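*Asks:* Using only what follows, build the 3D model:
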Amino acid sequence: MGKLQRISAQLAELSPEQGAPFQQRCQAVEEQYSAIREHVRQASTLMGRMDLLLECLERLQSRVENPPAVRAEAAHLREQISENSLALGELEKLGVALETVRSQGAELLARLGCLAGTLQALMPVSGPAVIQERTEQLLGQWSCLRSRGEERQSWLRGLLVLADQFWQGLADLTVTLADTQQMVLDLEEAGPDPSPTPQALREEIDSLQGELDTLGVLGSELMSSCGELDRPGVPRSLDEVSDGPCWGWAGPPQACGAVLGTAPGVRLLSPKTVTGSECGA
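*Replies:* Numbers count the residues shown, from 1 in each chain. Sure, this is the predicted structure:
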């Protein structure tokens, strides 16, 4: 451009009338060159932003697709829901940034017009088509991760409902059993009693046995859904409840292992694992 400007100026000095067209062409080429440089700068800026967004996306992908194992505890599940909510919030912010980049890329492509071919020749790796293609790829990967995160959030909330039902039911049953066991001890100390109290007590214990069976089913579903079939937390808690003196009035309660072993199949399944390839990694 500098050489062209010097030649144009020399021609204008030698022959202003004949040099004028050359100066006009030189000015037009200079304006086109400045426009191309600006488009290249904007395209490079967009590519740099996409590199940063890709790094953020990969970090979030690791968090969403490789979460810690869940435990059949309500407090732990609430922590996992909170952590997953934070990841979803970051994904939403990232989605807004990606949409902004896509909008800026579309505006840049619209302004290129006839300069698109020249820009592509000057910067083939980061040409307009590549910018658009890469933006769509990032948005597709982001959409996949968001769906994965929302699926996990729904799964965790379902587990929390089940855990709350189980542990609250177990706590309520423990309180009721404590009262019932005290009644059993009082009757044993009082000796034979012809009153209908023992029969009513047996009926109460039968009812409690039904609640224990229901808790066994809930515990089985909770362990299966959390993948904790080999962990003793839930069975141990049920065993502690079923190991009380009051059960002798109505026969020994069904063993916890039998309750868990005969429980219906899992109703809450772990969300499908999405591999990196499915999310465009």
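*Asks:* contacts, neighbours, all on C-alpha from now
*Replies:* Will do.
*Asks:* any low-confidence regions in the stretch 51-200 of the chain?
*Replies:* 112-128, 188, 190-197 (pLDDT under 70).
*Asks:* Helix, strand, or coil at residue 100?
*Replies:* Assigned by DSSP: H, G, I helix; E, B strand; the rest coil, the conformation of residue 100 is helix.
*Asks:* by contact count, what packs against the lengthiest helix in the chain?
*Replies:* When the chain is parsed with DSSP state H, its longest helix is helix 128-190. Contacts defined by 3 or more Cα pairs under 8 Å, 6 or more residues apart in numbering; DSSP states H and E place helix 128-190 against helix 16-65, helix 74-112, helix 197-226, helix 233-242.
*Asks:* again, 6 Å this time
*Replies:* Counting contacts by 3 or more Cα pairs under 6 Å, 6 or more residues apart in numbering; DSSP states H and E, helix 128-190 packs against no other helix or strand.
*Asks:* Outline the domain layout of this structure.
*Replies:* Structurally, the chain divides into domains by automatic domain parsing as follows: 2-160, 161-261.
*Asks:* Next, format these as CSV and append mean neighbour count.
*Replies:* Listed next are the domains of the chain as CSV, based on neighbours: other Cα atoms under 10 Å:
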stretch, mean neighbour count
domain 2-160, 16
domain 161-261, 16
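*Asks:* The longest helix of the chain vs helix 16-65, what angle?
*Replies:* Put simply, helix 128-190 runs at 20 degrees to helix 16-65, going by axes from the mean of the first three to the mean of the last three Cα atoms, to 10 degrees.
*Asks:* Okay, residue 110 and residue 47: tell me how far apart.
*Replies:* According to Cα to Cα, to the nearest Å, residue 110 stands 17 Å off from residue 47.
*Asks:* repeat for residue 55
*Replies:* Taking Cα to Cα, one finds residue 55 at 13 Å from residue 47.
*Asks:* what does residue 219 give?
*Replies:* Residue 219 is 52 Å from residue 47, by Cα to Cα.
*Asks:* do residue 61 as well
*Replies:* Distance of residue 61 to residue 47, given as Cα to Cα: 20 Å.
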